[in-house]
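Asks: have a look; sequence and predicted model below, questions after that.
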Amino acid sequence: MVEYRIDRHSGVATYVQIVQQTKQALRLGLLRPGDRLPTAREVVEATAINPNTVLKAYRELEREGLVEARRGLGTFVRRSLGAAPADDSPLRAGLGAWAAQAREAGLDREDVAALFAAVLDDVFPAPDSPSGHADHPTNPSSKPALQGGDPS
């Protein structure tokens, strides 16, 4: 079962943090279709937030078609966002090694999060950016044309 961690200093609304963390658990395969989310009471006891905040987050997830509320039974996952569990993912292992290296270099959790967010912004720019693509070596539109000849 997912355990929510609320950062009251992040500037992100609490219900949005719950939505984001639930989606992350779905992407990582930690939550799968049929799994029950913690009850509002369980989340309130673990995080000391208002039950209406939990319900708002669950309604948002339901609106997106990710979960469904079953009266008297709880809120259940309808669909996953991930292709496979990340426990055995080589990407996860590489990212874990990178995070450990960052920690050894003296970066704290917030530093690593900021660095990772900056890299994500470079590789996955906002859809409304001028190019719609990252200026990244794997992006063909960012490769320079050949000098003095046919660009193909």
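Replies: On my side now, so go ahead.

Asks: can you report phi and psi for the residue nearest the centre of the chain?
Replies: Centroid-nearest residue in the chain: residue 24, 4.0 Å away (criterion: C-alpha atoms, centre = their mean). Torsion angles at residue 24 (phi, psi; degrees, to the nearest 10) stand at phi -60, psi -40.

Asks: pLDDT wise, what is it at?
Replies: What the model reports for residue 24 is a pLDDT of 93.

Asks: what separates it from residue 5, distance-wise?
Replies: For residue 24, the distance to residue 5 (C-beta to C-beta, to the nearest Å) stands at 11 Å. Glycine gets a C-beta too; all of them are placed from N, C-alpha and C.

Asks: residue 123 now?
Replies: 25 Å.

Asks: who has more neighbours out of these two?
Replies: Relative neighbour count places residue 123 above the other of residue 123 and residue 5, with 12 against 9, counting by other C-beta atoms under 10 Å.

Asks: check which residues of the one helix or strand residue 57 maps to are buried.
Replies: Assigned by DSSP states H and E, residue 57 belongs to helix 51-63. Within helix 51-63, the residues that count as buried by 16 or more other C-beta atoms under 10 Å are 53, 54, 56, 57, 58, 60, 61.

Asks: now stretch 13-23
Replies: 14, 15, 17, 18, 19, 21, 22, 23.

Asks: residue 98: which of those is nearest?
Replies: The closest of these to residue 98 turns out to be residue 21 (C-beta to C-beta; 21.2 Å).

Asks: which SSE is the closest one in?
Replies: Using DSSP H and E, residue 21 falls in helix 14-27.

Asks: now do that helix: distance to the chain's middle.
Replies: 7 Å (C-alpha atoms, centre = their mean, to the nearest Å).

Asks: chain center to the host helix or strand of residue 112: distance?
Replies: Per DSSP H and E, residue 112 falls inside helix 109-123. The chain centroid and the centroid of helix 109-123 are separated by 13 Å under C-alpha atoms, centre = their mean.
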